[in-house]
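# build me a model from this:
(chains A and B)
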Amino acid sequence: MDPIREAMLKRSRSAKLERRGRLISLFCIGLIVVIVAGIFYFVASKGLATFFSDGVNLWDFLTHSVWSPGVKDAHGSPQVGALPMIVGSFGVTFLSAIIATPFAVGAAVFMTEISPKVGRKILQPVIELLVGIPSVVYGFIGLSVVVPFIRSIFGGTGFGILAGTFVLFVMILPTVTSMAVDALRAVPSHYRSASLALGATRWQTTWRVVLRAATPGILTGIVFGMARAFGEALAVQMVIGNAALLPNNLVSPASTLTSVLTSGIGNTVMGSLENNALWSLALLLLLMSLFFNIMIRWIGKKGELK
Amino acid sequence: MDNYSLDDIFIRDFDRKTQEIAVETEDLRVFYGDNEAIHGVSLPFERYKITSLIGASGSGKSTFLRSINRMNDNIDGTRVTGKIMYRDVDINSDNVDIYEMRKHIGMVFQRPNPFAKSIYDNITFAPKRFGEHDKQKLDEMVETSLKQAALWDQVKDDLHQSGLSLSGGQAQRLCIARAIAMQPDILLLDEPASALDPISTSTVEETLMTLKDQYTIIIVTHNMQQAARISDYTAFFYSGKALEYDETRKIFTRPKIKATEDYVSGHFG
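Residues are numbered from 1 along each chain as shown, chains lettered A, B, ... in the order given. Down below sits the predicted model:
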């Protein structure tokens, strides 16, 4: 038989290796999918039990403001109103994002448009360093610097949404900045040339052309920062005061979904209403981070250059 | 490769009484760090004519062009010495407002680079920067410049579509329209057709031919047929110097310098 034909019709060693490699990577990705699905299933089954087996009304859960799962109210239904935590979580998230955005964009503009050399050599490593600091360190600094500072200005305990906002602001600043830097660097340099050649100043070029073109990337960075702020537990828990009360100002003790979860999960019995209620909070967190992820993808798709 | 003498130079004389000079460089030198890229080029450019700058890659023609409206200022470590006389002012001096100057000396680049904005906003970008906000005047500017750039008929029905949705040739003509919206005196074009297919190239060339009634055009091109087709004068660049500068017809039929002759006949390098 013709040796070439024979070799072609036989599966070669490299073809077999190819197949094996594909199977291995398929297995890995399958494992990840199973783990994610498992987490979702677990959290959902626990979290939904509050509504299905303990008979808590979903609407009451989202809108009532009394959180004491161990105590029943006059009608005999458990008091699991998560509104204080929802308000707390969204409060610190949005406030910190609002404060961080101008600083992050300003820093990113400096690093890419005004002084790229200093940006690359000095500021980039500084920002990467900030990302790597563990959140307990941020929380500790918040506890020993920010909280006393707020106390001395506004009175009260100093714990509260404002303290949480400051700590989160510093925590998400590097995330938002580095993503804004990436977005600005991705703007093709011929945009800048075109604008300058038309007689626009550097500021006009940055403001009207470069930032405009980088907006989707910057928005993605902001949402990333918000996702981080929303999910941050430890640092926030250390400075927010941990009172499950609906906050009526920024400097009274409050709580977030994460802070109630971390402080409560060790003190409840698996399967009890108190425990299930915490799982419901976890489910809410999970859904929110899913929502942030979808937002990021959506912005990315919208912002593709047409 | 032959080494041609850099001292063997022919630069044509202009009769300054009858021929108006729009812009003129005097001993222009460009340094990248310590490296001198342009070695003292003095060229006058006649008003309402098309002048081509030809030469091999790296001969300095693009660098020279970019110096004229000081786009090289934006590159770190670049220094430009010598004079660029425009309306009896040396625009290569520090007391010149480069933003105001670029209003009168526009530039179109090699790659079509419309902004990620609508066609309308692309063209009104510069006028708005210089304080023109009257809707009617802006509308007129858009129509005039698109007509001059021979793009009006193709886009007039949807001026609010993205500038990035145009084909290469259309996008380049949009960039030309954008550059002439401010009614500049001089239009600098850096290989404007090199990224385009032959049909788009010829539409851009036709556009340039009609524009020279109102604008002084200086164009860098790799394409010698293009230089021969559209330009009135041609300067041949070699090694950072302009070796020969004459009427295009003469450059392509009876060049006076050996290097030019070899280049235009294809025996170069």
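
# from here on, contacts and neighbour counts on C-alpha atoms
Fine.

# residues contacting B:Lys256?
B:10, B:244 (C-alpha atoms under 8 Å, 6 or more residues apart in numbering or on different chains).

# local confidence estimate at it?
Note on B:Lys256: pLDDT of 90.

# likewise B:Gly269?
58.

# A:Lys306 too?
45.

# mind checking the end-to-end distance for stretch A:199-208?
Taking C-alpha to C-alpha, to the nearest Å, stretch A:199-208 runs 13 Å from one end to the other.

# run the chain-centre distance for that stretch.
For stretch A:199-208, the separation from the chain centroid amounts to 33 Å (computed by C-alpha atoms, centre = their mean, to the nearest Å).

# now stretch B:100-114
On C-alpha atoms, centre = their mean, the centre of stretch B:100-114 falls 9 Å from that of its chain.

# check which residues of it are buried.
Residues B:101-114 are the ones in stretch B:100-114 that count as buried (16 or more other C-alpha atoms under 10 Å in any protein chain shown).

# who's in contact with it?
Residues outside stretch B:100-114 that contact it (C-alpha under 8 Å, 6+ apart) are A:190-191, A:194, A:197-199, B:69, B:91, B:122, B:163-164, B:168, B:171-172, B:174-176, B:179-180, B:182-195.

# mind checking the SS state of B:Val23?
strand (DSSP: H, G, I helix; E, B strand; the rest coil).

# these two touch, right, it and B:Met85?
Yes. Between B:Val23 and B:Met85 there is a contact under C-alpha atoms under 8 Å: 5.7 Å.

# and those two? which has more neighbours close in?
Shown here are B:Val23 and B:Met85; by other C-alpha atoms under 10 Å in any protein chain shown, B:Val23 has more neighbours (23 against 18).

# give me every residue that touches that one.
Applying C-alpha under 8 Å, 6+ apart, the residues contacting B:Val23 are B:44-47, B:84-87.

# re earlier: in helices, which of the buried residues of stretch B:100-114 appear?
Mapping the buried residues of stretch B:100-114 onto helices (DSSP state H) picks out B:101-104.

# nearest to chain B: which residue in the stretch 101-250 of chain A?
Relative to chain B, the nearest point of the stretch 101-250 of chain A is A:Gly199 (4.3 Å; C-alpha to the nearest C-alpha).

# in chain A, where's the longest helix?
What stands out as the longest helix in chain A, according to DSSP H, is helix A:13-52.

# please point out which parts of the helix or strand of chain A with the lowest mean pLDDT sit buried.
Within chain A, confidence by mean pLDDT, DSSP states H and E is lowest for strand A:67-72 among all helices and strands, at a mean of 78. For strand A:67-72, the neighbour count (16+ other C-alpha under 10 Å) marks A:67-69 as buried.

# tell me which strands it pairs with, and in which orientation.
Note on strand A:67-72: by DSSP bridges, its sheet partners are strand A:78-80 (antiparallel).

# quick one: residues in contact with the partner strand.
So strand A:78-80 is in contact with A:56, A:60-61, A:64-73, A:277, going by C-alpha under 8 Å, 6+ apart.

# and these, which is closest to chain B?
Within those, proximity to chain B (C-alpha to the nearest C-alpha) peaks at A:Phe61, which comes in at 45.8 Å.

# and the closest residue to the closest one other than its chain neighbours, how many residues sit next to it?
Leaving aside its sequence neighbours, A:Phe61 sits nearest to A:Gly81 (C-alpha to C-alpha, 6 or more residues apart in numbering or on different chains; 4.6 Å). Using other C-alpha under 10 Å, A:Gly81 has 25 neighbouring residues.

# give me every residue that touches A:Gly81.
Listed by C-alpha under 8 Å, 6+ apart, the contact set of A:Gly81 reads A:60-67.

# next one: B:Tyr233
B:49-52, B:245-249.

# if we use 7 Å, what do you get?
Neighbouring residues of B:Tyr233 by C-alpha atoms under 7 Å, 6 or more residues apart in numbering or on different chains: B:50-52, B:246-248.

# thinking again about what came up before, can you tell me which of the contacts of A:Gly81 are buried?
For the contacts of A:Gly81, a neighbour count by 16+ other C-alpha under 10 Å gives the buried set as A:61-62, A:65-67.

# can you give me the pLDDT of the closest residue to chain A within the stretch 101-250 of chain B?
Nearest residue of the stretch 101-250 of chain B to chain A: B:Arg102, at 4.8 Å (C-alpha to the nearest C-alpha). Per-residue pLDDT puts B:Arg102 at 92.

# rewinding a little: average pLDDT for the longest helix of chain A?
In the prediction, helix A:13-52 has an average pLDDT of 92.

# and it, how far out from the chain's middle?
On the basis of C-alpha atoms, centre = their mean, helix A:13-52 sits 23 Å off its chain's mean C-alpha point.

# for the nearest residue to B:Ala195 once chain neighbours are set aside, give me the pLDDT.
Residue nearest to B:Ala195 in three dimensions, not counting chain neighbours: B:Arg111, with 6.2 Å by C-alpha to C-alpha, 6+ apart. In this model, B:Arg111 is scored at 87, pLDDT.

# let me know the secondary structure of the residue most central in space within chain A.
Nearest to the mean C-alpha position of chain A, counting by C-alpha atoms, centre = their mean, stands A:Ala227 at 1.6 Å. Three-state assignment for A:Ala227 (three-state DSSP): helix.

# residues touching it, list them.
A:Ala227 sits in contact with A:289, A:292, where contact means C-alpha under 7 Å, 6+ apart.

# around chain B, pick out the residues from chain A.
Contact residues, chain A versus chain B (C-alpha under 7 Å from any C-alpha of the partner chain): A:190-191, A:194, A:197-201, A:213, A:305-306.

# now neighbour count too, for those, in a markdown table please.
What follows is the residues of chain A next to chain B, written out as a markdown table (neighbours: other C-alpha atoms under 10 Å in any protein chain shown):
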| residue | neighbour count |
| --- | --- |
| A:His190 | 16 |
| A:Tyr191 | 19 |
| A:Ala194 | 24 |
| A:Ala197 | 27 |
| A:Leu198 | 30 |
| A:Gly199 | 29 |
| A:Ala200 | 27 |
| A:Thr201 | 16 |
| A:Ala213 | 24 |
| A:Leu305 | 12 |
| A:Lys306 | 10 |
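
# which residue in the residues you listed has the weakest pLDDT?
A:Lys306 (45).
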